[in-house]
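*Asks:* build me a model from this:
(one chain, ligands or ions: 2)
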Amino acid sequence: MTKPAYKRVLLKLSGEALMGDDAYGINRATIERMVADVAEVAKLGVELAIVIGGGNIFRGVAPGAQGMDRATADYMGMLATVMNSLALADAMRQVGITARVMSAISIEQVVEPYVRPKALQYLEEDKIVIFAAGTGNPFFTTDTAAALRGSEIGAEIVLKATKVDGVYSADPNKDPTATRYSHITFDEAITKHLQVMDATAFALCRDQKLPIKVFSIIKPGALRRVILGEDEGTLVHV
Ligand SMILES: Nc1ncnc2c1ncn2[C@@H]1O[C@H](COP(=O)(O)OP(=O)(O)OP(=O)(O)O)[C@@H](O)[C@H]1O
Ligand SMILES: O=c1ccn([C@@H]2O[C@H](COP(=O)(O)O)[C@@H](O)[C@H]2O)c(=O)[nH]1
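*Replies:* Ligands and ions are numbered 1, 2, ... in the order given. Below is the predicted model of the structure:
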């Protein structure tokens, strides 16, 4: 009998990874693979809330936003996460998973607003909750939204599913000599300026004593291994 190591988790899915090998946007095969991974762990009985990034469509700090008012660019980034959230929920629906998208910004004709008690109710009903539009505020990221919502819903851990298989001593995509940590404290990650997540997200999780696991969403079976508490990725802890 396989027993999950957690009862409730906040899964942060990389927006950038959604592109697959495409230049931008949502790659169909990639989103279907991500949903298959999620379906596999949902069956284990773990309550899942998801935050998805927007890097495959728009980032307020990207070169394409240069010259724009930062807050306006950030709202565009948040809307990009709404699109990804809707695509994710729809891909889940197609394989028989019930998901609810809740937005931090008000666009009620499209998606229901984020209301914490309602989100908790959905989780208790074993529905997957997808938190869209980040924190609802410019100058933040979806990593911080994951830390925030994870804290609000009483998740036991934030799982950052990204394109790299953990936290490295430097960006492994830029420095081939970078080495991977199996675990690292929040304070070390912040003082070493490790940019796999932003410092705001690290600081919030540290203050709330909410551990983070960074792992690869590309590696087959990695999400399941993380959920089962097996040795995978990097644990960031107090
Ligand atoms: N010390 C580090 N260890 C690991 N990855 C790092 C480090 N420093 C920078 N990175 C980079 O951080 C990236 C992951 O963070 P990023 O927020 O850019 O992406 P994401 O969360 O996967 O995408 P999105 O923001 O679209 O959801 C990795 O792909 C890696 O290139
Ligand atoms: O709380 C938030 C979350 C996101 N944004 C903007 O959206 C983009 C995309 O999010 P990523 O975390 O980079 O994938 C981000 O660059 C911001 O521009 C935001 O303003 N507030």
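*Asks:* enumerate every residue touching whichever residue of the chain sits closest to ligand 1.
*Replies:* Proximity of the chain to ligand 1 (Cβ to the nearest ligand atom) peaks at Gly53, 1.9 Å away. To be clear about C-beta, it is placed using only N, CA and C from the backbone, and glycine gets the same treatment. By Cβ atoms under 8 Å, 6 or more residues apart in numbering, Gly53 lies in contact with Lys12, Leu13, Ser14, Gly15, Glu16, Thr81, Asn84, Thr141, Thr142, Asp143.
*Asks:* which ones among the residues you listed also lie next to ligand 1?
*Replies:* Ser14, Gly15, Glu16, Thr142 (Cβ under 6 Å from any ligand atom).
*Asks:* now the residue of the chain closest to ligand 1: closest residue in space that isn't a chain neighbour?
*Replies:* Computed as Cβ to Cβ, 6 or more residues apart in numbering, the closest residue to Gly53 that is not its neighbour in sequence is Gly15, at 3.0 Å.
*Asks:* so Ser85 touches Ile52, yeah?
*Replies:* Yes. Ser85 lies in contact with Ile52 (Cβ atoms under 8 Å); the separation is 5.6 Å.
*Asks:* tell me where the chain has helices.
*Replies:* 28-42, 70-94, 116-124, 142-152, 186-191, 199-208, 222-227 (DSSP state H).
*Asks:* deepest-packed of these, please.
*Replies:* Per residue and on average, the most neighbours among these fall to helix 142-152, with a mean of 26 (mean count of other Cβ atoms under 10 Å).
*Asks:* number of residues surrounding Ile128?
*Replies:* Residues within reach of Ile128, counting by other Cβ atoms under 10 Å, total 22.
*Asks:* please apply the same query to Glu125.
*Replies:* There are 11 residues near Glu125, going by other Cβ under 10 Å.
*Asks:* now do the phi/psi pair for it.
*Replies:* phi -90, psi 10 (degrees, to the nearest 10).
*Asks:* residues contacting it?
*Replies:* Taking Cβ under 8 Å, 6+ apart as the definition of contact, Glu125 has no neighbours.
*Asks:* quick revisit: of the ones next to ligand 1 among the contacts of Gly53, which is the most crowded?
*Replies:* The most crowded member of the ones next to ligand 1 among the contacts of Gly53, judged by other Cβ under 10 Å, is Thr142 (30 neighbours).
*Asks:* measure the spatially closest residue to that one that is not a sequence neighbour to Glu230 for me?
*Replies:* Leaving aside its sequence neighbours, Thr142 sits nearest to Gly53 (Cβ to Cβ, 6+ apart; 4.4 Å). Computed as Cβ to Cβ, to the nearest Å, the Gly53 to Glu230 distance reads 25 Å.
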